[in-house]
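Novice: Sequence plus predicted model, see below.
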Amino acid sequence: MNACSPELRNNISCCGSIDDFKHIVYPAAYLIIFVLGTAGHSLSVCVFFSQWRAQKSFTPVNLLMVNLLVSDLMLVCSLPLKISYYLLDSYWPFGDIACRVISLQFYLNMYSSIYFLVALNVLRYLALVWPYLYLRIQTHYGASIVCGLIWVLMALASSPLLFPKRGNKCEGSARCLELSLESVENFHFINNISFPLGFGMPLVVIIFCSVFVVKSLLRPSPALGRTRPCRKKACALVIISLGIFLLCFLPYHVVRTIFLSTEKHVKMNVYRGSCHNLCLVRKTAVISHCLCTANSCLDPILFFFVGENVRTFSAKWMGRRKTNDCVARINLQKEELQVLQK
């Protein structure tokens, strides 16, 4: 919000200083996310680098996870700048271009992460429900094309954030990462598009895939002994993906919709709620934003339980015997599929 706006001054005096709340919550939350994200992703980088050195290639699942890792690292690396901004009492000393890039980067990470999770769930769905189709796409460049499309489409969808002026100067202080009253209607319009396409539709796809994956996992299989590790990973993917959506993305999108609608009513001077409710909505928006950012430090959990070489790497690093039935060659997969089809 623009600190020079008289409407904003009235709103702040009405609901109390929301800036004080942000200056406490954001730095603390971002610092925890930065530490956990840096540690988790450093281990993930070692795992994927080890696989690349050994095989000079990635499976479709691991290729999607590498792209998810890159997306998360972009967000984690931006957190020190955000922490500095709030510790400096909402002063942005890094320039207008950096402000725009940081704003773009948050939405790029969020929606690319959502669609990478969707692609992972679709892959696991194909592996269990349409296994021969899964084997066919393993030998093509389908995963690379999907990753490229996700990056291009999400970058194009987020690009409008580069053009509006994000840093505002007021009383000698450069502002960033704030919603100005002038841009409330634009963000409200963008939210009406991004909510169904960026969150609603992916959530439906993940639930659809999860239902059929769980149904397949519950069905008795003659090859259960040999395919148990793969089935466990499919189950882990279902649980972790839904958990990330319900914990990180669902609260953020719901609260963001309520927040933008409320701020639009405030701007139009038609808000009929109490000052307490206005303050509560704004504080809830801060918390939901932190939860959404936390997805970048939860994804390493997905890498560990679902990644096709993570446990092999861990066993090797700890001096244990390599055992991972799910990292099978194409002939072993075909053999298992033949058993599954009997």
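Specialist: Thanks, I have it.
Novice: Convert the C-alpha atoms of stretch 128-145 to PDB, please.
Specialist: The C-alpha atoms that make up stretch 128-145 are tabulated as PDB, following Å, rounded to 0.1, in the frame of the first residue of the first chain:
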ATOM      1  CA  LEU A 128       0.300 -46.900 -12.200                       C
ATOM      2  CA  VAL A 129      -2.900 -46.600 -14.300                       C
ATOM      3  CA  TRP A 130      -1.400 -46.400 -17.900                       C
ATOM      4  CA  PRO A 131       2.000 -48.100 -17.400                       C
ATOM      5  CA  TYR A 132       2.800 -48.800 -21.100                       C
ATOM      6  CA  LEU A 133       2.100 -45.100 -22.000                       C
ATOM      7  CA  TYR A 134       4.500 -44.200 -19.100                       C
ATOM      8  CA  LEU A 135       7.200 -46.400 -20.600                       C
ATOM      9  CA  ARG A 136       6.800 -44.700 -24.000                       C
ATOM     10  CA  ILE A 137       7.100 -41.200 -22.700                       C
ATOM     11  CA  GLN A 138      10.200 -42.200 -20.700                       C
ATOM     12  CA  THR A 139      12.100 -42.700 -24.000                       C
ATOM     13  CA  HIS A 140      11.000 -39.300 -25.400                       C
ATOM     14  CA  TYR A 141      11.600 -35.700 -24.500                       C
ATOM     15  CA  GLY A 142       8.100 -35.200 -23.200                       C
ATOM     16  CA  ALA A 143       9.300 -34.100 -19.700                       C
ATOM     17  CA  SER A 144      11.700 -31.600 -21.100                       C
ATOM     18  CA  ILE A 145       9.000 -30.100 -23.300                       C
END
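Novice: List the buried residues in that stretch.
Specialist: Of the residues in stretch 128-145, those buried by neighbour count under the rule 16 or more other CB atoms under 10 Å are 128, 131, 134, 137-138, 143. In short, each C-beta sits where N, CA and C put it, glycine included.
Novice: Adding distance to residue 239, secondary structure and pLDDT as columns, could you present these in a markdown table?
Specialist: Conversion of those to a markdown table gives the following (distance: CB to CB, whole Å; DSSP: H, G, I helix; E, B strand; the rest coil; pLDDT from 0 to 100):
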| residue | distance to residue 239 | secondary structure | pLDDT |
| --- | --- | --- | --- |
| 128 | 15 | helix | 80 |
| 131 | 22 | helix | 80 |
| 134 | 21 | helix | 77 |
| 137 | 24 | helix | 72 |
| 138 | 24 | helix | 70 |
| 143 | 23 | helix | 83 |
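Novice: can you give me the strands in this protein?
Specialist: Counting by DSSP state E, the chain has strands at residues 168-170, 173-175.
Novice: Hmm, residue 303 is touching residue 47, no?
Specialist: Yes: using CB atoms under 8 Å, residue 303 is in contact with residue 47, at 7.0 Å.
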